[in-house]
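Asker: Mind folding the following:
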Amino acid sequence: FTIDPVAGPLFGGMQPTVPDGFNGGGLIAAEHLAYHDMLAGQIIEDIDFGFSFNVVTNLEGGDAASPQGSLRQFINNANNGTGPNVVRFVPAVGMNATDGTNDWWRLDVSVILPALTDSGTTIDGTAYDSADGFSVLNPNPGFLGANAEGGLDVGVDLVALPQVEKPELEIVGDQAAPTPPQTGFVVRGDQTTVRRVALFGFGDHTTAGTDANIRVGPSGGPAYEAIVIEHNVIGAGADGFVDPGLATRTDGDNLFIEDAISGGAGQENRIRDNLIGFSYSNGIMLAANTTGWIITGNEVTAAGLDNGSGGYMDTVAFEGTSSSSHEATGNLITQTGGPGIDTWRSPGGHTIENNDLVQNGSGGVETAGLRLFGTGSTVEKNVITNNSGPGVIVVG
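Answerer: Here you go, the predicted model:
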């Protein structure tokens, strides 16, 4: 075996893509050993040596295997452990994606990842330098979306739309797989966060109707709370917030959420500061048994692409008789065949304030910028313009 003479962290072992074979091959097959020259009668003290179940070091596990250091194995570890678990992405392998100027890490997924079932799990694509595990890497600098250059405001009050940084970790569903992976992340646990990843290419509209890049629920019990989806690029790659094209596009919703009700202070469910676009179905779907979601600071665009019923697809949907009291503030909602925001059959109670709803309803069926069902909703200070039909429809 090879010895590293320098003390310090060694992420992924001496060979980051080779699993530790200690169980089958003894010491000669192990990568993770602490070596020390011992003199006769010498006492060895103060050697710190340990492992983390949360570190992701490689780009394996996109298939059914769960090798050490993979995102798939992190999810398995989190689901079977106790307490909160946060991904520490410390790549010990080279970047495998480029736009010719910037570089990033890409994980191709051909077999659905395990659901996130343990409370307190965080997927975080922030990349850290394997030399120390603490220094943040930024090989893909810059911002994406309509506010890439900064200075874009929305709503009557000119609320600043947040800038979204280019991610370093891109996770892509394989639409060419015999059975395309129907979801990217399935969330079935409280206090779950998905942050700073690019995620697209999941879903298969020919099967279940709830396929999505991120799906929350169903719960099978009490509704989930304290779920946060933030600072992601959903529906496009790490290099540009543009349509990835029919062959690799998201073939379902970008976000599909059910059985998730915001709790008290600090336990709200939030979708904030993301770029969300270019999906076969809806952009954000808050469906059955959802209450009190806060949607703020997002750019949501171009839902219902290549869909023969695209005129019914919504940029943002608060839909169904048990979807109520959601809040949409400070978002740019644009360029979808159906309404910008649709509250179809919802009992109401929504707050829709200081958004831009622009160029929606182009599919010729549901043509409004906003369609409002139910009672008790507040719609104010929005800029609603250049939609194909009425700015607002109120349904009796």
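
Asker: which residue is nearest the middle of the protein?
Answerer: The centre of the chain sits closest to residue 194, judged by C-alpha atoms, centre = their mean, with a distance of 4.9 Å.

Asker: so where does it fall, helix or strand?
Answerer: strand 193-195 (DSSP states H and E).

Asker: try residue 285
Answerer: Residue 285 belongs to strand 284-286, assigned by DSSP H and E.

Asker: So which elements touch that strand?
Answerer: When contacts are defined as 3 or more C-beta pairs under 8 Å, 6 or more residues apart in numbering; DSSP states H and E, strand 284-286 packs onto strand 253-257, strand 316-318. Just so you know, the C-beta spots here come from the backbone N, C-alpha and C atoms, and that holds for glycine as well.

Asker: Reformat the ones you listed as CSV; add mean pLDDT and distance to residue 288.
Answerer: CSV is the format used below for the helices and strands packed on strand 284-286 (pLDDT from 0 to 100; distance: least, C-beta to C-beta, whole Å):
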stretch, mean pLDDT, distance to residue 288
strand 253-257, 98, 9
strand 316-318, 98, 11
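
Asker: Identify whichever of these lies nearest to residue 122.
Answerer: Between residue 122 and the helices and strands packed on strand 284-286, the tightest spacing by C-beta to C-beta is seen for strand 253-257, at 17.3 Å.

Asker: what's the next helix or strand after the closest one in contact with?
Answerer: Per DSSP H and E, the first helix or strand lying C-terminal to strand 253-257 is strand 260-261. For strand 260-261, the external contacting residues (C-beta atoms under 8 Å, 6 or more residues apart in numbering) are 216-217, 219, 223-225, 227, 269, 289-293.

Asker: Out of those, which is nearest to residue 237?
Answerer: residue 216 (23.0 Å).

Asker: What segments of the stretch 1-150 of the chain are strands?
Answerer: For the stretch 1-150 of the chain, the strands defined by DSSP state E, counting those that start in this stretch cover 55-56, 85-86, 88-89, 97-98, 103-109, 121-124, 143-144.

Asker: ok, back up a step: for the strand holding residue 285, the averaged confidence score.
Answerer: On average, the pLDDT along strand 284-286 is 98.

Asker: who's in contact with the closest residue to residue 95 other than its chain neighbours?
Answerer: Spatial nearest neighbour of residue 95, chain neighbours left out: residue 103 (4.1 Å); criterion: C-beta to C-beta, 6 or more residues apart in numbering. The contact partners of residue 103, by C-beta under 8 Å, 6+ apart, come to 95, 97, 139, 140.

Asker: Check these for burial and list the buried ones.
Answerer: The neighbour count (16 or more other C-beta atoms under 10 Å) marks 95, 97, 140 as buried among the contacts of residue 103.

Asker: The second one pairs with what?
Answerer: Yep, that's residue 97 we're talking about. residue 104 (DSSP bridges).

Asker: Surely it and residue 171 touch.
Answerer: No: the pair residue 97 / residue 171 is not scored as a contact, 11.3 Å apart, by C-beta atoms under 8 Å.
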